[in-house]
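# could you work out the structure for the sequence below:
(2 chains)
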Amino acid sequence: DSGVTQTPKHLITATGQRVTLRCSPRSGDLSVYWYQQSLDQGLQFLIQYYNGEERAKGNILERFSAQQFPDLHSELNLSSLELGDSALYFCASSVGRVAGVTDTQYFGPGTRLTVL
Amino acid sequence: AQSVAQPEDQVNVAEGNPLTVKCTYSVSGNPYLFWYVQYPNRGLQFLLKYITGDNLVKGSYGFEAEFNKSQTSFHLKKPSALVSDSALYFCAVRSRSPAGGTSYGKLTFGQGTILTVHP
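Residues are numbered from 1 along each chain as shown, chains lettered A, B, ... in the order given. Got it, this is the predicted structure:
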């Protein structure tokens, strides 16, 4: 158990809908990362937050957004869902020092999103 | 741009034999390299990382990896495989980016290698 929790575990929804995925980082970790894992794209970095502020951005669609709250939990919002958004969404956390490129990222169990 | 290649989609090995899962990378500047393992219906578990220093890095569950700068490789190894090692293995790279760079913090993963250890 990495100490990173994600809810819900599974989510089934329809095209055009909006969903929110939730992540609680390990105790003491300030950085949260979101990744998408799909069969065709593999594991792709979406976005990183550090202590409430956006730190880095990857291949995140404009229909997707995220935020990190004062208690350090994070939410990933996916809107106008398409069939191709079906994937496993992982959250990871790390200590997140400002120059923390050597930080280890610890991953949660993921949320499996199915868009029908 | 940084990238990782895992040239083998699958690796099969007999229990008790040594195993190697290959990884090559491309990154500007010093690489920071990681191995993760994913069991079915589970998240990624951290195995080991190379930051600097000794080219041979030891990690969890008896795994180790050898960093080779000239060959830009970071192969994962284990002297004696167990059936319970069967899983999906990912190599990842992270580059040193200036603070505030848009890709700062990003891990770039390979496509993964399915390791199957036969009894």
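# which residue ranges of chain A form strands?
If DSSP state E is used as the criterion, the strands of chain A fall at A:5-7, A:10-13, A:19-24, A:31-38, A:42-50, A:53-57, A:64-68, A:74-78, A:87-94, A:106-107, A:111-115.
# can I get the longest one as CSV, trimmed to CA atoms?
Once side chains and other backbone atoms are set aside, the C-alpha atoms of strand A:42-50 remain, and they are given as CSV (Å, rounded to 0.1, in the frame of the first residue of the first chain):
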residue,chain,number,x,y,z
GLY,A,42,0.4,4.0,-22.6
LEU,A,43,1.1,6.0,-19.4
GLN,A,44,0.9,9.7,-20.1
PHE,A,45,1.5,12.6,-17.6
LEU,A,46,-1.4,15.0,-17.4
ILE,A,47,-0.6,17.6,-14.7
GLN,A,48,1.2,18.3,-11.5
TYR,A,49,0.3,20.4,-8.5
TYR,A,50,2.6,21.5,-5.7
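# touching chain B at all, it?
Yes: in this structure, strand A:42-50 sits against chain B according to Cβ under 8 Å from any Cβ of the partner chain; the contacting residues are A:42, A:43, A:45, A:48, A:50. Every residue, glycine included, has its C-beta placed from N, CA and C.
# for chain A, name the helix or strand with the lowest mean pLDDT.
Here the helix or strand of chain A ranked lowest by mean pLDDT, DSSP states H and E is strand A:53-57, holding a mean of 89.
# which strands and helices lie in contact with that one?
strand A:42-50 (3 or more Cβ pairs under 8 Å, 6 or more residues apart in numbering or on different chains; DSSP states H and E).
# neighbouring contacts of the helix or strand encompassing residue B:34?
Per DSSP states H and E, residue B:34 falls inside strand B:31-38. Strand B:31-38 is contacted from outside by A:101-102, A:104-105, A:107, B:23, B:25, B:44-51, B:59, B:63, B:65, B:67, B:72, B:74, B:76, B:87-96, B:107, B:109, B:112, using Cβ atoms under 8 Å, 6 or more residues apart in numbering or on different chains.
# and residue 27, what's its pLDDT?
Assuming you mean chain A. For residue A:27, the model assigns a pLDDT of 93.
# chain B, not that one
Per-residue confidence (pLDDT) for residue B:27: 86.
# pretty sure it is touching residue B:92, no?
No: counting by Cβ atoms under 8 Å, residue B:27 does not reach residue B:92; the two are 10.9 Å apart.
# so between those two, which is more surrounded?
A side-by-side neighbour count of residue B:27 and residue B:92, using other Cβ atoms under 10 Å in any protein chain shown, places residue B:92 first with 25 against 18.
# picking up where we left off before, overlap in contacts of residue B:27 and residue B:92?
Residues touching both residue B:27 and residue B:92 by Cβ under 8 Å, 6+ apart: none at all.
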